[in-house]
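Novice: Sequence and predicted structure are below.
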Amino acid sequence: MKKLITIFFILFSSFVFAKDSLTIKIPLNLTDMYLYKNLETGKYEGVYAEVFEKINTEKLNSKYDLDYKLENENPEVMIRVVDSYQDENYNYIPTPITYRVAVLVKNNSNIRKVSDLNGLKIAYIPNSRGLAEFEERFSNVVFEKVSAPNEDKGLEYLENGEADAFIAVDWAESNSVESHIRMIESLQYREQIAVREDKTEIYNAVKTYITSLPPSNFTDIIKTNRINYYTYLLKDTPNQYIIKNKFKEIKVQLPNSKYILPLFYEKDGRYKGLLPEMLKDLETIIGVPFKITKDNGDINAYIIKNQKKMDKYIFSTPYYSSDIGIANKKLDSYRASISDLDNKKVLVVENSYFSEYLPQVTKDITIVPVKSVQEGLKKLAAGNGDYFVGFSSVIRGAITNEFLDDEVKIAGTINEDMSISLGVKKNEEELSQLINTVMKSFALDKTLTDPEANKNILVEKNYKLMMKVAVPTVMFIIILIVVLIKSEKNRKRAEVLSNVLVETLEMINQLDQEEAGDHAKRLSLYSELLAEKSNLDKKLVSEIKKFAILHDLGKVIVPNEILNKPGKLTTEEFDKVKEHAIVGHKLAEKLGLGKAAENLVKFHHEKWNGLGYPMGLKEKEIPVEGRIVALADTYDTLRQDKAYRPGFSHEKAIKIIIAESGVSFDPELVSIFLANSDLFKKIYEENTKSIYLADEIYSAIKNK
């Protein structure tokens, strides 16, 4: 009887408390730190496993058992799906995870473009990414497939002629170890999560979690799973056994500089930034302590492939890439190019790659060696050289942190990217193999982020800018408080001063762009017009008008060299620009400016079709304040002269906005714009005189 009761209880409990199964289909044999099966635990682990566990717990009340399947018909969820895959029975959610498919050929090959591969042999790695994407994109190319078991074999086939091209994933071409390889095509893909259309609850939970996940949190998830995956992968391997027995500590050599931003900087006796964080991960995975030194080390952490005296090292996959910047004095011309260096005195850091590279590509150049980037820029400002050449990102960080914004600038770039690797001494092959296995996960422009180093830059830059406006800001706040306390009758006066305080904050972003004052004024008027014609509440119309000038408040974090760059922005530069929406929103939030201000600051770069930033919202998901300012801002920007093009006519601007109706802009707002386009034209033509917000502020103080 007891046995029957026990069996009944077990069956009853399993029936009552059983969870639904959520089937998640995964790609066949695609194993990396993003998802893998731990053979020791029998469980799937990695970035996606952690993300779905959090979604299940936080958004779905743990109601599902997650069941990962390699093959399954009609699953509820599919992960690691790419742009080329579309099934009308599923809804798709983009993730932050991207990868690149590269088509490689020998450097001395006559193949210049993909169409040249017709009838030739192309190597690929089975059950890996790349081939399907290539075939989908270049369906007109007929070729013979050559199966390669791994990347090394694929490169070997390319070298010995067994293949004419090789399809690789996340290939870093610039100064790669394989200098005899040339890339003829690079395709970027973003991984997506597909949710079956009848699973609305799951779709909403996944989308809400993914779109609201802060970049720093995603970085932490990647960091944790990188360590876990490679610790598991390398555990008890011969190379790790040799290294653990050979080294009590591994010495890592850094350049003799206090900082090279964003890679590293020294503060309070400790190193921080991209490179030290990456080295911490390597230290944990390998299981041997790392010691940073300025002297000779087992690993050279800042090394460029083509530099002389570097033939004693084995190079890792590059972990950072930057273009080459040309800096000159603030008052000198923009658009400096490599030919401008001919017959000039050019400052470069001694023993750096640039001292070897520049004489090869210029005529009669005089190299002036300096000990550091900081010293070089200061000498440039003092007139001890015509130009300074180095990595753009490093120069930009030094200009900001040395308070040289008013003296020097990046005037141009050399059209060649350079990549930085870790170099392991050639007699340490086991260490090199361990290092390079892990370094492949630090794909360029993908998972490597820089919160600490950027924070350091921001603090320095904001401190400098805030010093310029600190006194008037404090005076406004004091006056405002006194007026509020004095009498109820002075409420209007308090409101006026409050508005001036808003303009003070805007001045932070206008100090080096005073000509943009007219743009801010017109934007306010356009936005008010659209808001009124949309029949919005009068209070909301007033707030939109007042706060529209703050739409780009967050650009205080963007270096002027990027804001004023005459040419196309690099991916790194555009990513920096995109940060301004989130930073501006946080500032508006902390200042307590209200929801209208927060919404227009954060969402004025969202697009109707969902392809904008920072959240990727679409249609009516975008708050109306953001939709209004987006259209108003675009019209005015189209009309203005830019460094890279003259301004468009009113008629041309209208055509562009019509073409973007339902793509970038709310169709209803476009209709309102078209019905009132003459008023837009009038606002633009009657408000072309530059206003100086700083003068407006001081005038308000004087006439208080």
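Specialist: Arrived safely, thanks for sending.

Novice: mind listing what the helix or strand where Ser21 lies pairs with, with the direction of each?
Specialist: Following DSSP states H and E, the helix or strand that holds Ser21 is strand 20-25. Partner strands and pairing direction for strand 20-25 (DSSP bridges) are strand 64-69 (parallel), strand 77-81 (parallel).

Novice: Reformat those as a markdown table; add mean neighbour count.
Specialist: (C-beta placed from N, C-alpha, C; glycine too.) A markdown table is the format used below for those (neighbours: other CB atoms under 10 Å):
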| stretch | mean neighbour count |
| --- | --- |
| strand 64-69 | 16 |
| strand 77-81 | 23 |
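
Novice: now the ones you listed in CSV, with distance to Gly385 and mean pLDDT?
Specialist: Below are those laid out as CSV (distance: least, CB to CB, whole Å; pLDDT from 0 to 100):
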stretch, distance to Gly385, mean pLDDT
strand 64-69, 60, 91
strand 77-81, 51, 91
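
Novice: Can you name the residues in contact with the strand holding Ser21?
Specialist: Identification of contacts with strand 20-25 by CB atoms under 8 Å, 6 or more residues apart in numbering yields 52, 56, 63-72, 75-79, 202.

Novice: give me the low-pLDDT residue ranges for the stretch 1-150 of the chain?
Specialist: Low-confidence segments of the stretch 1-150 of the chain, defined by pLDDT under 70, span residues 1-19, 29, 83-85.

Novice: that older thread, now find how far off-centre the strand holding Ser21 is within its chain.
Specialist: Taking the mean C-alpha point of strand 20-25 and that of its whole chain, the gap between them comes to 33 Å (CA atoms, centre = their mean, to the nearest Å).

Novice: Output the contacting helices and strands for whichever helix or strand comes after that strand.
Specialist: Using DSSP H and E, the next helix or strand after strand 20-25 towards the C-terminus is strand 36-38. Contact analysis of strand 36-38 by 3 or more CB pairs under 8 Å, 6 or more residues apart in numbering; DSSP states H and E lists strand 43-45, helix 215-234 as its packing neighbours.

Novice: now what about strand 36-38, what contacts it?
Specialist: Contacts of strand 36-38 with the rest of the structure, by CB under 8 Å, 6+ apart, involve 31, 43-46, 68, 229, 232.

Novice: That one: which residues count as buried?
Specialist: For strand 36-38, the neighbour count (16 or more other CB atoms under 10 Å) marks 36-37 as buried.

Novice: One more: stretch 289-304?
Specialist: Of all the residues in stretch 289-304, those buried under the rule 16+ other CB under 10 Å are 290, 292, 297-304.

Novice: likewise stretch 374-393?
Specialist: Buried, per 16+ other CB under 10 Å, within stretch 374-393: 374-381, 385-393.

Novice: List the ones among the residues you listed that fall in strands.
Specialist: Of the positions in the buried residues of stretch 374-393, 387-391 sit in strands, assigned by DSSP state E.

Novice: Tell me how far the residue nearest the centre of the chain lies from Leu536.
Specialist: Compute the mean C-alpha point of the chain, and by CA atoms, centre = their mean the closest residue is Asp575, 3.8 Å away. Plainly put, Asp575 is 33 Å away from Leu536 if you go by CB to CB, to the nearest Å.

Novice: For stretch 231-242, list the C-alpha coordinates in PDB.
Specialist: What follows is stretch 231-242 as a C-alpha-only set of coordinates in PDB (Å, rounded to 0.1, in the frame of the first residue of the first chain):
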ATOM      1  CA  THR A 231      39.300  26.900 -19.300                       C
ATOM      2  CA  TYR A 232      37.200  23.900 -20.100                       C
ATOM      3  CA  LEU A 233      38.700  23.500 -23.600                       C
ATOM      4  CA  LEU A 234      42.300  23.700 -22.600                       C
ATOM      5  CA  LYS A 235      42.000  21.800 -19.300                       C
ATOM      6  CA  ASP A 236      44.600  19.000 -19.000                       C
ATOM      7  CA  THR A 237      46.000  19.600 -22.600                       C
ATOM      8  CA  PRO A 238      49.700  18.900 -23.100                       C
ATOM      9  CA  ASN A 239      50.400  22.600 -23.800                       C
ATOM     10  CA  GLN A 240      48.800  23.700 -20.600                       C
ATOM     11  CA  TYR A 241      50.600  21.000 -18.600                       C
ATOM     12  CA  ILE A 242      54.000  22.100 -20.100                       C
END
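
Novice: from the middle of its chain, how far away would that stretch be?
Specialist: Its chain's C-alpha centre lies 33 Å from the corresponding centre of stretch 231-242 when counted by CA atoms, centre = their mean.

Novice: That stretch: which residues count as buried?
Specialist: For stretch 231-242, the neighbour count (16+ other CB under 10 Å) marks 232-234, 239-240, 242 as buried.

Novice: mean confidence for that stretch?
Specialist: In this model, stretch 231-242 has an average pLDDT of 90.

Novice: all strands for the stretch 301-450 of the chain, in order.
Specialist: Across the stretch 301-450 of the chain, reading from the start of the chain, the strands by DSSP state E, counting those that start in this stretch fall at 313-315, 320-329, 345-349, 366-370, 387-391, 408-425.

Novice: winner for burial among those strands?
Specialist: Mean neighbour count, computed with mean count of other CB atoms under 10 Å, is highest for strand 387-391 among these, reaching a mean of 27.

Novice: mind checking how far the residue nearest to Phe134 when sequence neighbours are not counted is from Gly161?
Specialist: Spatially, and ignoring its direct neighbours in sequence, Phe134 is nearest to Ile167 (5.5 Å; CB to CB, 6 or more residues apart in numbering). The span separating Ile167 from Gly161 equals 17 Å under the rule CB to CB.

Novice: higher neighbour count, those two?
Specialist: Set side by side, Ile167 and Gly161 give different neighbour counts by other CB atoms under 10 Å, the larger being at Ile167 (27 against 9).

Novice: The more buried one: which element?
Specialist: Element membership of Ile167 [criterion: DSSP H and E] is strand 165-169.

Novice: what's that strand in contact with?
Specialist: Strand 165-169 is contacted from outside by 99-105, 111, 117, 120-125, 128-131, 134, 148, 151, 154-155, 157-158, 184, using CB under 8 Å, 6+ apart.
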